[in-house]
Every structure is written in structure tokens, then in C-alpha cells.
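Engineer: have a look at this fold, sequence not included:
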Ligand SMILES: Nc1ncnc2c1ncn2[C@@H]1O[C@H](COP(=O)(O)OP(=O)(O)OP(=O)(O)O)[C@@H](O)[C@H]1O
Ligand SMILES: Nc1ncnc2c1ncn2[C@@H]1O[C@H](COP(=O)(O)OP(=O)(O)OP(=O)(O)O)[C@@H](O)[C@H]1O
Ligand SMILES: [Mg+2]
Ligand SMILES: [Mg+2]
């Protein structure tokens, strides 16, 4: 049996797989951020709170209405998306002509409010969410025991990421989106309803956050604070990938998950900083991120 | 005499559920049960949120002592804040009834003549879980440790206990704090083959780690999971499905006897259906004891009251009989609990079975070992 | 004195040797000879605080080609933007096909059948040539087919998959015009379609406009290139400081050449 | 007029990701001359300017200024050598007054102003000189007006005053007359002629009458290459220039 | 943030009075001085000292954002690290308070130089992100390094004797020491803004390429203002450690970086006095609304939203607009 740097390969595979799963969350969340930034030029600090809303949405469906996980996967993201649409219509819309800074500050404030309310009403120790029977148990892959819940995360997020990428890069709707990112006025002058497009895009980005939240509910504690620290990391992912780059955020999300996974094996103490170290390095070498278009 | 009690704790952060509004309710109940007004003691209670920030906490404490004539501060979860309040209380010569904090430094190198450390501390947790688990056959350990001073201390203390009791420590992995995903650390713990996986962390970290341990089948695989700092509310949050089999040390369980059940029922009614945590119980008992001392002294002078509190044995419905040591340590029994399986639980909050009782004289760090300057 | 290149002096009679031989429409009198399709009346427009249009009025009949002439900064582009509804603040009256559009957002104006080809071309760099071409949705039937567009601009066909902004300046201009022909819009607003283009491309655009006119399109052309304007237009409106100050039918151009020189500061 | 080359570019090439904007341009600017650069839109004039002032790094080729190789220098250092440019789009400091705009340039004479502990009063010694420069460009009455409130033409004038404040040996002006009214054009033309006495000027200009009346020498750029070079009379008759730039049908 | 998109740019200060300061500024400084001298007798001195420390921090931050046009999202690093060093110097090395503060400040300056020289090469949001990344690294360092005491922080820092002579244990005496530091700090900032250096800074913020073309090596100026800002943030952090007798993780966490942005924005960025007002409002809220738990967070969120939507110039910015004078 050979070993890599003193680590048996099966352990390494296991850790890489776990890293990839973690990367799935980064990918879905940063994808949402990238979509929103790409079209609205808003740095959506509320994203963490919206991720939390997704998890709570699943929890509420189960506990108040008895609606199970599989339904929640389809119901919750649109609902969270609608809350995003309301925010966009009522508040965010007023900031498009301003510097990024203001969008960031507004959404930061919104995040404080949303998280504050949830803490007020649901406490902070977190709530249990019982995974559906299908997600209990797991497979023994030989090199590790892979819980079904994790396998599902990886499958679901890959599907969603690919679908989003396909819609944006390969369809007519995606062409509208990309064009509107560059020059909304002209796209409007072609007869396309750009404000609606913008609203729906925000809603979609937020729905992605909600989707990640639903995925997280059976795995992590459903807790008002669950998005607060994650969001900073996800920002780093988006910046490394290149702000606004769809493919960049997906690849970087999965990639950083892997790197973080490796760090957890070789230098666990550093696993929380590694992303920031990479971000600093990347930005110093490639100012617009790995996949960003230079400005 | 007019007495003003300040309940300082976390009303918005990760400890809000184990020591937030509930602690204020517990203090009020102590005042009511003591029938203070009948005894000529006029008690008022104020409360504030320290947000787990030492500077916020110390600012409030100072302001309370300096401008609002607060005589005693109770609770204060989060060790960093408690250590700050400990210093200020000493400087201002008031009284600190520490129920919330974990750091055993409060009765060790940071000990103060003005502080009583009531409910638990890291040494007691490490000792309880470590020695009792080894005694139950859990003699090989692997730690999943939060990578900061608190986690390191828990790991260090528990390792010492485990080794002293004849067990051995196979390894440890340090995870970033706060963490959300523990899967890779748990996998490493699983790979170590240790009989006990010790979680040397707290709050959300522990909750997530336990949840994910169940996902990865750690306990089903035959390893025992020991949370070194965990509260009943955390178990409530996790649900028994996930938390079953988990082992933890505590100072109080609501379902221990009739007296605790009676108190807890009353408390639950006033606290949105939540049973008391050991910290809230500690707030109740410590305030009660303080008021008894004030009554006995007939004055609220800090030195005199403290002397009385240490001289007088404690007795309350929640912790039974006990004493307060020269270094400020309150002594009582500690318990090793195991979380029940879902089918064993008959009612909400019916979560623990008691695995072992650690007698008061064994439960806490020996007086001589703490390095407290008050101990000659 | 020569002013160049944006406003070309007209020192020779209109028909230059390098100009395309196009069938020119019969020369109408001042004012539309056909049913008026677009009527602009007292149009005012602002950029933020600065008042740029001070009451522009003119009319375009169905199937006509008119030009807006004027110095730099006279407000020609702004007029087109105001008609298209992409000027944030505007007032007055713009009726298209008898319907008032001044209060409508630009997308509804576009859906009525007006299309705009901006000065700066606005080719999207994140879209391929094909995506750029297919981007504007069809607003009504009767637009050119893709095949017809390729017939007009064969260059585009060869470069369908390359990135939009990788095209040469002339090709970008073709793409910008081509993409609005697909939509079925009947009124085309073309802002300096010849700007920065090599003369041979200018000739091609000239032929295209003549073809479009034949096909029944109505065109408002902003032009600095006077030679060019004279070849394709039925009528010229002179814009100065945000107003239309004169109207010159194309057939009276020769007679009015000195006046025009004065207007344009040549 | 002293002669000899002050600025010499050889084999200058600039590629943008596969697109060659400037290709193998050789340009020699004689000391003391007014040299004009003309050419159709997109010919590469602004790009060439950016290369000469190091706002862009050339892909190939060398630039010598006063006999010194400046190909690898930083833009700020170029300015320090006395080679100063203006911008095609007007470049002023919008929230500073006209006087302060000019003074920022005069302040350069103090060397680098890292003296954050000193009061800005030390700058008042430049006020009279700044006022004189403003007078030169006809902005006296606007000296306390914020630059953002000036009209377009006056902004251009202010920009020239600011540039002159550095007392550069050589000035690069990118379309100094763009957007100016006729009277402004005449005033600025006169100014340029006056300041050219002991300076060298390289300018991009589309206004052919200005080019004709001011410049000693003209380089015509087209598609990133030098198409023709010479004085106005020669260049304006060159058939290639007429074809690519002036256009057939024009004198 | 880049300048031309920055909607709250400072108006030019045109009329400079005899004292080198426009008269209304002189008046405000005088009023501030009188008020702050009387404050410890009217208000709780520790609270006022807290406000002063945060006000200085916000002013230092505003020097970078409002006058340098650079949005740092990691200013907690300098504030917090200085507070650790100063606490450690006073407690472990036994330095006198002024030396402890100087030690903390120096470390902040060095840190600012190191991080700044890398970060200033980037613009806009990327600059903000690079500073954030480095600040996170500093945070994790603080969490793990032995000398910071991890979660517990450095507790029981002695206030000591000023210059080895004056006992600072009395809050009133300490107060005037802090007041002196505060005034020295903001007067220095005021002077920086109105120095020849400040003029160049302003020019760079307004039009960077133009400043380059005039021969200014703008990166050196940006670095200089970055270091100055980090240093002054360090002064504030170091002083805070002495006042509260503790240094903790709160001060290096990213939320602290966010809070200082909030203070500056609320008070009015690019104004001289805005950050002071902003800091006072936020600290007061945190202090007096502490018992309301989460409602404080919600209230802060609402302030953010309202400030961004309806008074972007901040409190002082709006006032300045009313009286048509820069404040
Ligand atoms: N975005 C804008 N903001 C403010 N003013 C503008 C803006 N665009 C144009 N202007 C001003 O409006 C006036 C009219 O501009 P417009 O672009 O309509 O002129 P034009 O006739 O098309 O000129 P050109 O021949 O240069 O294209 C000019 O004075 C110009 O400076
Ligand atoms: N950063 C860039 N990336 C890619 N291509 C560029 C870039 N900058 C300029 N170009 C291209 O280089 C060519 C020359 O541009 P330049 O701005 O130098 O023209 P110009 O002669 O100054 O034109 P004008 O008269 O319109 O100012 C143009 O085709 C332009 O599209
Ligand atoms: Mg125009
Ligand atoms: Mg140019």
C-alpha cells in the first residue's frame, strides 16, 4: 500500500470527496452571487441571510405544514426567490445608478435585519431538521463511508450549476442577460423588458442561495447565524473566480472546496485561512480574478 | 436594604438560548421564592446583552457599578467576558456570581475574593467526562478540538484526566473556529479507531459536529461521542435522532428529583416552554444563596456578604447541599449523562439518562492545584 | 477653410464620382408626401440638469428617408434617443403611427416597431456575432430574414461564431444595422451609420439604405457625411441647439448650399 | 529653432490580444517643432500617444527622449523628464477650483509632497503664478470656480493651463480643440503658437485648419501604420491620404 | 472606490482663514473641545472614552476612504492588532501606558505598510477584498497566537502610570489623557487633509490618470495615506486597550471593519467631523440599547438601509449641504 505524504490514499480520496461536497455549497452560493453581480452590479451581502432563509424555509415547511424535504427542494427556492424579488423591487432598485459600495451597504443592512429577526424568534442554538429516509444511511465506497445526504448534495448542486451555466451561456434568455449586463439601455431599446429581467435575475440568484440552504438543512444545524460567516468565504470564492464570471464561480467553488479539503488533512489549523491566502495571491497576480474579464 | 442585581449575558448570540432571558427569569424566581420583600430586602433586577464581546461586557459592568449602583452581577456566559467582569468586580469591590462561564481560570490564576464560580468549569467537564468515560471502558480517545485557547484547554485537561485514569489519547485534530463543516475532521477521528471521540468545542461547533457525526455513522460504528461542553438546549436543538448516545457532563438536570421538576415546570411556563439549562439553574441557586447571605449579614457590604456566603453552606432545591471554597469555587455533584434513544424518551425534554454521579469532592479541581492567590 | 472629418465641406456638386449608383426616390416637397408615420412636436430633452433639446419638431412620412444635420453637439443623437425613449427625461410629443409615445418606456416603443442603431454601435462583447444578430426579438412580422441580411452583408456570414467586438469597425456597423432589420420594425433610427468607416463601406451602407427604402422601411438618419446624406435622403432637417431650424428638401439642396454651409459652420 | 530629434520612436508596435493597433511605427519629432498626428478614427493615434507617455507598454519597439531610452519607464517618471500629455477626454480635477487645478501641477516643483504635517498655506506662494497661467488661457474670472462647473471648452483650456504649469519641454496634446467653439479654437491656437516658442509640441487633431495653420510637420496614421509624412501642403495632396482620410471629392 | 463614481466627494475648501482653518471649523473644534472637557462631569467618562476611541478610529478610516478614495474592508486588523500589542506591552512587558500605546501604534504602522504596499496595486472592490483577505489572516493569527490569549483575550491590563508618574487608575485622569490623544489625532488628520500632501491626495482621488500625467507617483501617495490611516487606527486601538484594560478578538473581527464603515457612512464620509458623529451615534446605540438584545442588530440594519436609501451624505454631510459649507 503506497502512501502520499504519510496519508493513506483512501483517506486522501475521502477527504477530497468531502472537499468537493463542501465546494458544492461554495459553487451554488457563489454562482448566485456572480449572477447577481453580473447583471445588477450589486454585491449581495444578503446572500448569507437568504441561504439561511432557505434552510429555515425547509424547516418551517416540515414543522408547520408537514411538507417534507423533497417537496421543499422544489418549493423553497422559489419562495426565497420571491422574497428577494420583493427586496429588489422595493429597495435595491433605487441603487443601480450608484457606486457598488452602496449596494453592498444596503444588502449588509438587510442581512442584519433578517438575521436579527430570525434570532429574535427562533433563538440561536439551531433547530433540528430530520433528513428524509432516502438521505439516511450511505454507501461504503471502500475508501470511505459516503452518507447519502452528501452524495445528494454533490449531485444536486452539479445539476443546478450546469443548468444555470447552460441557461446563461447557451440560451436566448441567457443572451439577453449577458447583453443587459453590458448595456441595459440598448437591450431595453430592443423591446426587452430589462427591469423585469433584472428583477427575475435577482430572484433567481437569491433562489440559488435558498436552494443551497435547503441542501444544508439536513446536514448543518438550521440556525439564524449559519450564513453569516459562510458569506465572507463565498465572497472570497467569487472574487477569486472573477466577479460576475459564471463559469469562474462554479469552477472556483468546487476547486476551493478541494483545496480546503486538502488543507484539512495536512494543516487543519490553516483550513479557514487558506481561501483568503489564495484570494490575496490570486488578486496580486491576476487583478480581475481567475476568470474575470479585466476592466 | 436595597439590592440591585445585574444579569449580564448573551441575549442575541450563540448562548442566548442557554443563558439569555432565561437567566433573568431564573433570577426573578429566586427573588420571589426567597420572598425578599417580606424579609425587608428590596431587590431590583436589570439585565443587558454583552454580545459575547468582552469590551461591551466590561463597559456595561463598569457602568452598572459606577452609575447604576448595581451590587452584584450574575451569570455572564462566555469566558472572555466573564474574566473581564471578574477583574472589574474585584476593582470595584462588588460581587460576581458566575454561573455562565466555563473557564476554570476564574478560580485559578484569575481568582478573585469577589467572585463565586457556581455551576461548572472546564476542569470539571474534562474530569467528569474523561474519568467517567474511561471507567466505562472508553480508554482510547481522539479529540476534535476547536482551534483556540478554550478548545486547547479542554483538550489538554481531558487528555490529562484520560491518561491519569489509565486511558490513552490517540490523536487530535484542530478545526477552525467557528466551523461549519466537520466531516473531514470526523473522518479523521473515525480513521483513528479510538473508542471515544471527544469534541473539545462549544456552541454551534458542537451542534454541527454531533449532527455530522450521526450522518457519518460514528456512533453506529461503535465509537462513543463525548461532547465536552454541551447543554440540554443543544440536545433539544439537535433532536434525539441525531444526538442519541452522546455523552456529556453537567451539573443539573431538570428531571433529577421532585424539587427540580417542580422548579422546572414553573420555569418552563415563564420561559417559552424551555426547560432550564444548568446555567439558568445556577443563576437561580446563586442568587438565592446571595440573598440568604445578605439577610444573614443584614447589610450588602461586599466583603461581609462574601464572607458569609463562603461560611454558610449552600442549600437549594436545584443543587442540594453544597459549599463555597476559599477560591470561590462552588462545590456540588456533577453527573455524566447519556442522551436517550428516541424510543426511550417519553416526553419533550426527556433527554438524559444519568450514567454516573461524580461526587462533589471529586468533581472539581483540588484547591491546591488551581494556583489561586487566595489559597495559602 | 477645411473642417474635417466629421463635417465634410461641400465644395463640389453633390454627386461625387465615388458614390454608388442608386435609384433615388422621386423627390418630394418639404413635408411628407406620404402618410405621416412619425411626428415629433416640441420635443424637449435633458441629461440630468442640462437641458439639451428645446423643442424639436419634424415629420416623417411612411417610406421616407430624412436626415438630421447639424454641428457637433447640436442634439441630433439626443433627438433619436428621445424618440426611442432612452433619454431619462423628456417632454413634448412624439407620435408614431398616430399613437403618442412620449410617456412610454423604451421597450414598448420598440415593440411598436421602432428600432435604433446607436452611434457607438453597442455590439455586445460577451455575445457571439450570431447571438448579437439574433438578440433583438421580433416585434412584428415582416422583418428581413437572416438570409436576406447575409445577402446585404456577406461579411457577417463568415464570422458568425466570433466574438462580437472582434469584428472590424465596418463589420460592427453592419452587424448593428443588420440586427435591427430582423425585428420587423418599420421605422429605423440610424445614428451616423457611416462614421469611421472606409469609403467603400460607406458606399455599401448607402446602397443598403436605398434598398431598405425600396422595401418600404422608413428611416431617420443622423449624418455628418453630407455627401452621403444627399444621396439617400428625401429631406434634410437642420438641427441647431436643440431645435430644428430649417428644412431643406433634397432637390433644393444645391440651391441652398450656402445656407447649409453657414448652418454647419463650414 | 534648434533642431535635432527630441523624441524618437522606432519600430513601435502595440498588440491587443491578437489585434495590432500600432504596427512598426517610426516617428521622429524635431526639437522645437509643432508636429501633428492625424488619421482616421481607430488609426491608433490615441494608442500611440499612450505608448509614448507610457500609459501603455509597447509590445515591441523603442522610444528615445532627449537621447535617453524611456521604453521601460513609468508614466509619472516620464512626466518628470518634462514630457507631459493632455487627454482626449477632458481631464481635470472636478471638485477642485481652477486655481487649485493649476496649483496641483505647480506643486510638482516642490518635488514629492509627502509633507502631510505642513499646512497647505505653503502652497499659496504658487497662487500668483497659477493666476497668470489662468490668465493666459482666459480663465481669470473662473479661478475660484470648481472645475466640474466649467463648460467643456473651458475645461480644455484649464487642462492646457495645468499642463503648461509643469513647464514641460515637450507637450503631447490629444485633440486639444475637440468640442471647442470657434472663438475658443482661435484663442487656444494662439496660445499653442505662443508657448511653442521654446517647446516641442506633438498633437493629435482632427481640425484640419488648425493643423494646417499650426503644424510644421504632419504624420498621417492609418491602420496602425504611418501612411505619409511631411508638411501640410505635401500631405494633403498625397493621394493615399486623400483616399484613407481626407476622402475623394475634397480639396 | 474610484473617484468619479464617488457621489460624496468633498467640496473644495476655498477660503482658508488666518489660522489656516476656515472660521466655522475653528468654531466647531472649539465647541468640541469645550464639550469634551466638560463631558466627564456630565456623562459617564468610560463611555465618553469609548466614543473617543471609536471616533478616532472612524476618522482614521475616513482619511483613507473619504479623502484617499480607498475603501478598506479590513481596518479592524490595525485597530485590533495595535490593541493586542499595547495590552501585551503594558501587561507583560510592564511598559508605561504612553509607551504601550506607541508600541501598538508602531505595529499597526508596520502592518499597514506591509498590507498596504500589496493592496494599493488593486482598485475598487478588489482593493476592498484584498484588505479583507489580509484582515482575515490577521484575525486567524490573533485567534491562534499565544500572546493574544485566543478567545479570552488579554485581560486585566494595568492602566499604569503616565510617564511613570501620573496614576491613571482614576477614570477622570485617564479621560484627559485619552482626550489629549483624541485631539492630537483629529488635528493631525485635519492637517493631513489640508496639507500639500492632502492636496495631491485629493487630486489623485479625483482623477488618477491625470495626476500620474502630472508626474505624481500615485502609488506612493496611496501607500502613504494607507499607512497613516492604519497608524491612526492603531492609536485608537492601542488607547482602547488601556482604557478598557483588555484586548480581545472583537476588535480584529471583520464585523469591526464593517462597523467602522457604518460609523463613517452614517456620520458622513469625506467630512472632517462626520465620523465623530457617526461613532458617537453607533456607540451610544450599542451601549444604551444593549438590553434589547437582537433589536440592536435589527436597529443597526435599519440605520444602514435608511442611510443608504435616503441620506447618503451622512448626518454631517446633510448638515454641510444645508449650510453650504464643507464640514
Ligand atoms: N450623457 C450626457 N450627459 C450630459 N450631456 C450630454 C450627454 N450626452 C450629450 N450631452 C450634451 O448634449 C448636447 C447634444 O448632444 P448630442 O449627442 O445629441 O449631439 P449630436 O448632435 O449628436 O452631436 P455629434 O455630432 O457630436 O454626435 C451636447 O451639448 C452634449 O455635450
Ligand atoms: N485596450 C484596447 N484593447 C483592444 N483594442 C484596443 C484597445 N485600445 C484601442 N484599441 C483598438 O486600437 C485601435 C486604435 O485605437 P485608438 O484609440 O488609438 O484610435 P485613434 O486613432 O485615437 O482614433 P480616434 O480618432 O477615434 O480617437 C482601434 O481599433 C481600437 O479599437
Ligand atoms: Mg451624435
Ligand atoms: Mg483618439
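Structural biologist: Everything's here; your move. Predicted model, so just to flag it, every value in this text is computed and none were measured. Ligands and ions are numbered 1, 2, ... in the order given.
Engineer: any idea how far the residue in the stretch 1-150 of chain C positioned nearest to chain B is from residue A:198?
Structural biologist: Proximity of the stretch 1-150 of chain C to chain B (Cβ to the nearest Cβ) peaks at residue C:126, 34.4 Å away. All C-beta atoms are positioned from the backbone trio N, CA, C, and that covers glycine. For residue C:126, the distance to residue A:198 (Cβ to Cβ, to the nearest Å) stands at 16 Å.
Engineer: kindly report the same for residue B:268.
Structural biologist: 49 Å.
Engineer: can you check residue B:294 too?
Structural biologist: According to Cβ to Cβ, residue B:294 and residue A:198 sit 65 Å apart.
Engineer: looking at the two, which is more packed in?
Structural biologist: Neighbours were counted for residue B:294 and for residue A:198 using other Cβ atoms under 10 Å in any protein chain shown; residue B:294 has more, 26 against 23.
Engineer: correct me if wrong, but residue B:336 is in a helix.
Structural biologist: No: per DSSP: H, G, I helix; E, B strand; the rest coil, residue B:336 lies outside any helix segment and is strand.
Engineer: gap between it and chain D?
Structural biologist: Look at residue B:336 and chain D: by Cβ to the nearest Cβ, to the nearest Å, they are 64 Å apart.
Engineer: longest helix in the chain, by number of residues?
Structural biologist: Since you didn't name a chain, this refers to chain A. The longest helix of chain A (DSSP state H) is helix A:9-40.
Engineer: the chain in question should be chain E.
Structural biologist: helix E:218-244.
Engineer: residue 116: which element?
Structural biologist: Since you didn't name a chain, this refers to chain A. Per DSSP states H and E, residue A:116 falls inside helix A:100-122.
Engineer: that's the other chain; I wanted chain C
Structural biologist: Secondary structure (DSSP H and E) places residue C:116 in strand C:114-117.
Engineer: can you tell me what sits against that strand?
Structural biologist: Where contact means Cβ atoms under 8 Å, 6 or more residues apart in numbering or on different chains, the residues beyond strand C:114-117 that reach it are A:189-190, C:80-81, C:83-84, C:86, C:96, C:110, C:136, C:176-177, C:180, C:183, C:185-191, C:193.
Engineer: do the next helix or strand after that strand and chain A meet?
Structural biologist: The C-terminal neighbour of strand C:114-117 among helices and strands, as given by DSSP H and E, is helix C:129-134. Yes: Helix C:129-134 is in contact with chain A by Cβ under 8 Å from any Cβ of the partner chain, via C:131, C:132, C:134.
Engineer: give the contact list for residue B:43.
Structural biologist: Contacts of residue B:43 by Cβ under 8 Å, 6+ apart are B:2, B:3, B:4, B:5, B:31, B:36, B:37, B:291.
Engineer: got a winner among those residues for most neighbours?
Structural biologist: Neighbour counts for the contacts of residue B:43 peak at residue B:5, which has 27 neighbours (criterion: other Cβ under 10 Å).
Engineer: which residues of chain D lie near ligand 4?
Structural biologist: Applying Cβ under 5 Å from the ion, we find that chain D lies next to ligand 4 at D:45, D:46.
Engineer: who's in contact with the helix or strand harbouring residue B:169?
Structural biologist: Taking DSSP H and E as the definition, residue B:169 sits inside strand B:168-175. For strand B:168-175, the surrounding residues in contact (Cβ under 8 Å, 6+ apart) are A:264, A:268-269, A:271, B:139-147, B:151, B:155, B:159, B:162-163, B:182, B:185, B:188-189, B:192-194, B:200-201, B:205.
Engineer: check which helices and strands whichever helix or strand comes after that strand sits against.
Structural biologist: Going down the chain from strand B:168-175, the next helix or strand is helix B:183-192, by DSSP H and E. For helix B:183-192, the packing partners by 3 or more Cβ pairs under 8 Å, 6 or more residues apart in numbering or on different chains; DSSP states H and E come out as helix A:9-40, helix A:246-266, strand B:140-146, strand B:168-175, strand B:196-200, helix B:203-215.
Engineer: test my guess that residue B:176 contacts residue A:274.
Structural biologist: No: contact criterion Cβ atoms under 8 Å: residue B:176 and residue A:274 do not qualify, at 9.7 Å.
Engineer: of the two, which one has the most company?
Structural biologist: Just comparing residue B:176 and residue A:274: by other Cβ under 10 Å the higher neighbour count belongs to residue B:176, 25 against 18.
Engineer: how about that one, phi and psi?
Structural biologist: Residue B:176 adopts backbone torsions of phi -60, psi 150, taken as degrees, to the nearest 10.
Engineer: which residue packs closest to it, ignoring adjacent ones?
Structural biologist: Once flanking residues are discounted, residue B:176 sits nearest to residue A:272: 3.2 Å by Cβ to Cβ, 6 or more residues apart in numbering or on different chains.
Engineer: the one you found against residue E:140, yeah?
Structural biologist: Yes: between residue A:272 and residue E:140 there is a contact under Cβ under 8 Å: 6.0 Å.
Engineer: who touches both of the two?
Structural biologist: Here residue A:272 and residue E:140 have residue B:176 as joint contacts, going by Cβ under 8 Å, 6+ apart.
Engineer: okay, strands next: where are they in the chain?
Structural biologist: If you meant another chain, say so; for now it's chain A. A:138-140, A:145-147 (DSSP state E).
Engineer: sorry, should have said chain E
Structural biologist: Using DSSP E, the strands assigned to chain E run over residues E:161-162, E:166-167.
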